[in-house]
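Q: With the sequence up front, the predicted model follows.
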Amino acid sequence: MKNQYVGDVSDYLKYALLRALAGPAERLVVAWMLTLDDERTDGRRLSYLDQPQRYRRLDPVLFDMLNTVVAANTRSVRAVEDAGLLAGSAYVRRILTDDLPGRDEYFNEVWGATSGRTLLFFDPDNGMAVPSVRKGARNSSKYLYWDELKKAYGEGVSLIVYQHFPRRPRHLFLRELAARVHEVTGTTRVLSISTPHVAFIVVPQTDHAPALEERLGGFSGHASPFTTTVASIRTA
């Protein structure tokens with residue numbers, strides 16, 4: 001996640017999804033996995049804010065807040081936190097760097113934040129780690145690594161992970177990703193909701209799975225004008 005992404009159309013969908021999945025009994029941890037802004041054009045898909053008649057109905061309160069933040073040029077994750085739209089959430093907001101000592105400090109803060117919580121959202125720039133980028137190497141801060149996913153699931157929380165799509169068939173990628181999640185965590189079910197551009201991978205604890213699957217389906221059913229696909233993959 002970068003501050004320059006705040007208010008982007010995918011960012012809007014992300015917060016709407018988190019608000020739908022974090023029901024009254026859940027307590028969410030948001031690990032922003034925040035990295036420094038860059039000179040790329042990512043985060044500039046803002047034209048949806050000029051189409052309230054089409055987009056606002058998904059989550060009017062959220063839409064209005066993001067519109068205000070973008071108009072005021074105060075785009076940052078802290079602005080999202082301060083708006084209270086993810087009520088009761090805990091946040092890990094420090095910058096995540098590529099170096100291993102800094103990464104260890106970051107994730108020690110994540111593990112401390114999960115105490116007494118039920119949902120943990122990871123928001124890496126790219127998603128799950130790829131073999132070509134080892135932990136501690138340049139750009140490793142853009143990924144969540146598989147040992148970190150395993151540790152997080154072992155903390156007893158259900159997980160949500162932002163995932164950018166690589167240039168390959170989406171359904172095959174998601175199925176392979178689900179198989180790897182099962183291999184690493186032992187979970188018997190992996191859920192996902194995806195658009196043509198991004199996916200959110202949901203790794204529920206066994207007793208959380210029915211409620212999360214129901215909420216995910218309900219959210220997808222009214223997520224127009226976004227085109228979303230929900231998949232529930234039994235891995236055992």
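A: Nice, I can see it.
Q: and the gap between Arg45 and Trp146?
A: 30 Å (C-beta to C-beta, to the nearest Å). Just so you know, the C-beta spots here come from the backbone N, C-alpha and C atoms, and that holds for glycine as well.
Q: let me fix that: Leu86
A: Taking C-beta to C-beta, one finds Leu86 at 26 Å from Trp146.
Q: Settle this for me: Pro124 is touching Trp32, isn't it.
A: No - using C-beta atoms under 8 Å as the test, Pro124 is too far from Trp32 to be in contact (9.4 Å).
Q: Can you check which residues contact both of the two?
A: Met1 (C-beta atoms under 8 Å, 6 or more residues apart in numbering).
Q: Mind listing the residues bridging to the residue most central in space within the chain?
A: Centre of the chain computed as the mean C-alpha position; nearest residue by C-alpha atoms, centre = their mean is Tyr162, 3.6 Å away. Following DSSP bridges, Tyr162 is listed with bridge partners Phe200.
Q: Using CSV, list the CA coordinates for stretch 99-114.
A: Coordinates of the C-alpha atoms in stretch 99-114 are reproduced here as CSV (Å, rounded to 0.1, in the frame of the first residue of the first chain):
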residue,chain,number,x,y,z
ASP,A,99,15.7,-4.7,5.0
LEU,A,100,15.3,-7.8,7.1
PRO,A,101,15.7,-6.2,10.6
GLY,A,102,13.0,-3.6,9.7
ARG,A,103,10.7,-6.3,8.4
ASP,A,104,11.1,-8.3,11.6
GLU,A,105,10.2,-5.2,13.7
TYR,A,106,7.2,-4.6,11.5
PHE,A,107,5.8,-8.1,11.8
ASN,A,108,6.5,-8.2,15.5
GLU,A,109,4.1,-5.3,15.7
VAL,A,110,1.6,-7.2,13.6
TRP,A,111,1.7,-10.2,15.9
GLY,A,112,1.2,-8.0,18.9
ALA,A,113,-1.8,-6.3,17.3
THR,A,114,-3.7,-9.6,16.7
